[in-house]
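Peer 1: just to be clear, the model below is a prediction. Sequence and coordinates:
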Amino acid sequence: MPQLSMSLRPAQVGFILALLASTGFAAKAIFAKLAYRYGVDAVTMVTIRMLLSVVLLVGIRLWRTETGAPLTIPQKLWLIALGVVGYYLSSLLDFIGLQTVSASLERLILCLYPTLTVLISAALQRSRIPGRIWLVMLVTYLGIVLVLGPDLYHARADWFGVLCVALSATTFALYMSFSPRVIQAVGSMRFTELALGVSCLAIVAHFALTRPWSDLQQPAPVWGYGLLMALFSTVLPIYATSAAMQRIGGAKTALIGSFGPVLTIIFGLGILGEVLTPLQWLGAAVVLFGVSLVNKKD
């Protein structure tokens, strides 16, 4: 990545990092579905994922020798708040919603977070949203509707579940909107380690209060998929997301993340044997075109 940074503009590096992060997050659902075949429940799977993420974080932290300036009290409070909101509360609300909402509808609702991030970021910065960004949002959501439309045709939703998923999208949008200013102050690597560490502690505490520790006794493949999820769908994507936000901001990083649901479906084709209709292929192409517009000059 240092050599890549030397040959590309910061905005281009940020675009690539955001796309890589979106790819990693998209693979999470595939790893989870493969693990669910062994009978593990969602909360236990999330806890295994976060426990292994902590191990990876400790390893990365020992490898990195730089420490940085001491954190101020406001910075510590922001890190705790963003860690709880970003990867604990949003995940918890999402899993509660999934108990009564179909996976297809859940994916579509979560796709609202890029738009919410753009609107919240613009309000915080008191800036006007460029016309190109409005075009990006319109194009990407049109593509998402085309991709998810066939699956949503027979969807039935419980309103409480819909509300929980919508709140999940909102909390993650808040995380994406408020994180850049903290990242600029403490650094992307340090921010990632501390915020993810807070999230891990919150999820483990939630598990300890609601489940017996014996639930962690799962077959080896479950822990294997948990390790893959921790590395490729948690730690590395979160580092990439923080670095992307440092370069291009939370709004553009979120818009590039709109490609995540399409990637999840594409991964499902080769790994889970799912089928994509011609209309869904068209939607995937539309989303990819919309995401590519994010990296164009104003």
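Peer 2: Noted; the coordinates are in hand.

Peer 1: C-alpha only now, for contacts and for neighbours.
Peer 2: Noted.

Peer 1: you'd agree residue 171 is up against residue 90?
Peer 2: Yes: the criterion here is CA atoms under 8 Å, and residue 171 meets it with residue 90 at 5.7 Å.

Peer 1: ok, these two, which is more surrounded?
Peer 2: residue 171 (25 against 22; other CA atoms under 10 Å).

Peer 1: phi, psi for that one please.
Peer 2: The phi and psi torsions at residue 171 (degrees, to the nearest 10) take the values phi -60, psi -40.

Peer 1: list the contacts of it.
Peer 2: 85, 86, 89, 90 (CA atoms under 8 Å, 6 or more residues apart in numbering).

Peer 1: now with 7 Å?
Peer 2: For residue 171, the contacting residues are 85, 86, 90, taking CA atoms under 7 Å, 6 or more residues apart in numbering as the criterion.

Peer 1: in helices, which of the residues you listed fall?
Peer 2: residue 90 (DSSP state H).

Peer 1: in CSV: the contacts of residue 171, plus pLDDT and distance to residue 79.
Peer 2: Formatted as CSV, these follow (pLDDT from 0 to 100; distance: CA to CA, whole Å):
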residue, pLDDT, distance to residue 79
85, 91, 10
86, 83, 10
90, 86, 16
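
Peer 1: adding distance to residue 245, write the contacts of residue 171 out as JSON lines.
Peer 2: What follows is those, written out as JSON lines (distance: CA to CA, whole Å):
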{"residue": "85", "distance to residue 245": "17"}
{"residue": "86", "distance to residue 245": "14"}
{"residue": "90", "distance to residue 245": "19"}
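
Peer 1: wait, which of the contacts of residue 171 is closest to residue 241?
Peer 2: Checking the contacts of residue 171 against residue 241 with CA to CA, the nearest one is residue 86 at 12.1 Å.

Peer 1: I figured the closest one hits residue 175, correct?
Peer 2: Yes: Residue 86 is in contact with residue 175 according to CA atoms under 7 Å; the separation is 5.0 Å.

Peer 1: quick one, which of the two is more surrounded?
Peer 2: Using other CA under 10 Å as the criterion, residue 86 and residue 175 rank with residue 86 on top: 25 against 21.

Peer 1: point out where this structure drops to low pLDDT.
Peer 2: Applying pLDDT under 70 to the chain flags the ranges 1-8, 64-68, 98-108, 147-157, 258, 260-276, 280, 284, 288, 291-298.

Peer 1: quick one: the helices in it?
Peer 2: Counting by DSSP H, the helices of the chain are 2-7, 10-36, 42-63, 73-84, 90-98, 103-110, 113-125, 131-152, 159-186, 188-210, 220-230, 236-256, 260-271, 278-293.

Peer 1: out of the ones you listed, which is the most enclosed?
Peer 2: Per-stretch averages of neighbours, counted by mean count of other CA atoms under 10 Å, single out helix 236-256 among the helices of the chain, with a mean of 25.

Peer 1: elements contacting that helix?
Peer 2: Under the contact criterion of 3 or more CA pairs under 7 Å, 6 or more residues apart in numbering; DSSP states H and E, helix 236-256 touches helix 10-36, helix 113-125, helix 159-186, helix 188-210.

Peer 1: residues in contact with it?
Peer 2: If you take CA under 7 Å, 6+ apart as the criterion, helix 236-256 is touched by 10-11, 14-15, 17-21, 24-25, 114, 117-118, 121, 176-177, 180, 183-184, 188-189, 192, 291, 294.

Peer 1: who's the closest spatial neighbour of residue 279, skipping the chain neighbours?
Peer 2: The spatial neighbour of residue 279 that comes closest, neighbours along the chain excluded (CA to CA, 6 or more residues apart in numbering), is residue 146 at 6.3 Å.

Peer 1: thank you, goodbye.
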